[in-house]
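Trainee: The sequence and its predicted three-dimensional model are supplied below.
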Amino acid sequence: MGHGGNVIAELTADHREVEEYFARLRALPPGDKERRNVLDEVTIELVRHSVAEEMYLYPAVREHLPGGDALADKEIEEHAEVEQVLKDLEDVDIDDARFDQLVGKLITDVTEHVQEEERQLFPSLAQACTPEQLNDLGDKVRRAKKVAPTRPHPSAPDTPPGNKLLAPGAGLVDRARDFVTGRGRS
């Protein structure tokens, strides 16, 4: 989705998109196979967003905000917790009761993280940075997300990079992160 705009507008639009996925997950009855597809999509979206924040937003937080190091460390820790829940979900069948528990935890954790960013981090950053800096960060975040994997579709793509991403083997979270960061590329 080409949002354009500064880093705050861009990341806030991502947040709304993730919330739409959560609403879709909540709306599907327990055990519905479509839940796995929606979860895969939100997993990729969350990993792209996290990587973009870690590459560009948090270094800016460290640089421009008082106490920025501690703030950035806390945000990164929260990302790690969310990714752990996503990894746990990879190993649970959709009709397992734990699937619903983990989805609940995912939604709670991400929602808290989002509220914190939007209420505290973004406004602080908006005050500390010039409009040019915020626009530049927005461009960088968009570029970081562009290399991100295509979304999984119920009929898994048979063209790269989608097919590599959805191939069985390593977990989707790690594959998506490797893909976006370019890790493991020769």
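Mentor: Cool, got the structure.

Trainee: neighbours around Leu121, how many?
Mentor: Leu121 has 23 neighbours, counted by other Cβ atoms under 10 Å. Using the backbone N, CA and C atoms, a C-beta is placed for each residue, glycine as well.

Trainee: so what's it up against?
Mentor: By Cβ atoms under 8 Å, 6 or more residues apart in numbering, the contact list for Leu121 reads Val61, Leu71, Glu75.

Trainee: Next SSE downstream of the host helix or strand of Glu63?
Mentor: When elements are assigned from DSSP states H and E, Glu63 belongs to helix 58-64. Sequence order places helix 68-90 as the next helix or strand after helix 58-64, per DSSP H and E.

Trainee: Enumerate the positions of that next one that are buried.
Mentor: By 16 or more other Cβ atoms under 10 Å, the buried positions in helix 68-90 come out as 68, 71-72, 75, 78-79, 82-83, 85-86, 88-90.

Trainee: Ala126: which of the contacts of Leu121 is nearest?
Mentor: Using Cβ to Cβ, Val61 is the member of these that sits closest to Ala126, with 12.0 Å.

Trainee: Name the residue closest to the centre of the chain, please.
Mentor: By Cα atoms, centre = their mean, the mean C-alpha position of the chain lies nearest to Leu46, the distance being 1.6 Å.

Trainee: wait, isn't that one in contact with Val85?
Mentor: No - between Leu46 and Val85 there is no contact, the gap being 9.9 Å when judged by Cβ atoms under 8 Å.

Trainee: returning to that earlier point: ok, so what distance separates the residue nearest to the centre of the chain from Ala97?
Mentor: Taking Cβ to Cβ, to the nearest Å as the measure, Leu46 and Ala97 are separated by 23 Å.

Trainee: Appreciated, that's everything.
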